[in-house]
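> I would like the atomic coordinates for the input below:
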Amino acid sequence: MPSILVVGATRGLGASLVKKYAAADGNIVYGTTRSYSAPSGFPERVKWFCGVDLTSSTVGDDIVKLFGEAKPLSTVIITAGHFSTEDISIEKGPNWDEELRMYTTSSIAPVFIVHRLLHAGLLHQGSKVILISSEAGSIGLRHEKEGGGNYAHHASKSALNMVGKLLSLDLKERGVIVSIVHPGFMRTEMTKGVGYDKYWDVGGAVTPDEAASSLIQWTRDLNGSKSGQFWAPRGPSDIGTVEETMGKDVETPLQLPW
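Coordinates of the predicted model:
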């Protein structure tokens, strides 16, 4: 019986993943929330881990304790993130606390979560760990037409990409697959909150449900040959610098440059 853990499950992509996985017979679905109470509007069969804070140094231990005697997981998807805009100006220059929050949530917490799950026996041969990154974290895709700024958001995703690569090497002999994924530019409260909703139409943004469907298919078909690699399952349609950096003739799914 497949068991799936979605870290960051109450909004956007995470919420869509939980609902879709829970709709399939036979799945055991766990979701985490920072709140100390379970969210409403989800299938009753979802098992909620409340009070899980990715900025806490104990986040990995906290999740393991909530599992108790659960059996090993088939899939772990870490989708939690934070996005605060910044640029080189005085008015919107880098904010220390916001930068720490972005780096901690995106690229520090996943290491501790995977480490603790592994040593608690919750990851085993055939388990799949999906790290939700972004094309924003690709240095190879950065191009002058999109300019600079958003230092911590982009760099924290670059750091997550490296985390995923290193974890894939450490977990290879244990048979655990690690996939680093750009799930697509999405129409979420997060992108709207930083003003990116003005790019939704021209940028080919999709709904979280659409992104979740393609991610679930990607995860289902995933095998060890792609472990430790950085992919866009939905292809290049929402990545504005592909033509300038990778050329016109690219495939879907698309392996992205670091």
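
> all contacts plus neighbour counts: C-alpha atoms, from now on.
OK.

> Look up which helix or strand Met102 falls in, please.
Met102 belongs to helix 96-103 when assigned by DSSP states H and E.

> shaky segments in the chain?
Applying pLDDT under 70 to the chain flags no residue at all.

> what about the helices in it?
For the chain, helices defined by DSSP state H occupy the ranges 12-23, 59-67, 96-103, 109-119, 151-171, 189-193, 208-221, 242-246.

> how far out from the middle of the chain is the second one?
Yep, that's helix 59-67 we're talking about. Taking Cα atoms, centre = their mean, to the nearest Å, the mean C-alpha location of helix 59-67 is offset from the chain mean by 19 Å.

> again with the longest one
Centre-to-centre, helix 151-171 and its host chain are 11 Å apart (Cα atoms, centre = their mean).

> Compute the inter-axis angle for that helix and helix 109-119.
With axes from the mean of the first three to the mean of the last three Cα atoms, to 10 degrees defining the directions, helix 151-171 sits at 20 degrees from helix 109-119.

> residue contacts, the residue most central in space within the chain?
Among the residues of the chain, the one closest to the centroid is Ile132, at 1.8 Å (Cα atoms, centre = their mean). Ile132 makes contacts with 77-80, 180-183, as judged by Cα atoms under 8 Å, 6 or more residues apart in numbering.

> now Ile239
Applying Cα under 8 Å, 6+ apart to Ile239 gives the contacts 135, 185, 203.

> Which of these are buried? Put it as a PyMOL command.
Buried members of those, defined by 16 or more other Cα atoms under 10 Å, are picked up in PyMOL with:
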select buried, resi 135+185+203
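
> any chance you could map the strands in the stretch 1-150 of the chain?
For the stretch 1-150 of the chain, the strands defined by DSSP state E, counting those that start in this stretch cover 3-7, 28-33, 47-50, 75-78, 128-132.

> For the ones you listed, please prepare a markdown table with the additional fields distance to Gly228.
Below are these laid out as a markdown table (distance: least, Cα to Cα, whole Å):
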| stretch | distance to Gly228 |
| --- | --- |
| strand 3-7 | 19 |
| strand 28-33 | 24 |
| strand 47-50 | 28 |
| strand 75-78 | 15 |
| strand 128-132 | 10 |
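
> thinking again about what came up before, and the contacts of Ile132, which of them are buried?
For these, a burial check counting by 16+ other Cα under 10 Å picks out 77-80, 180-183.

> now those residues as CSV including distance to Pro236?
Shown next, in CSV, are the buried ones among the contacts of Ile132 (distance: Cα to Cα, whole Å):
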residue, distance to Pro236
Ile77, 22
Ile78, 22
Thr79, 20
Ala80, 23
Ile180, 16
Val181, 13
His182, 10
Pro183, 11
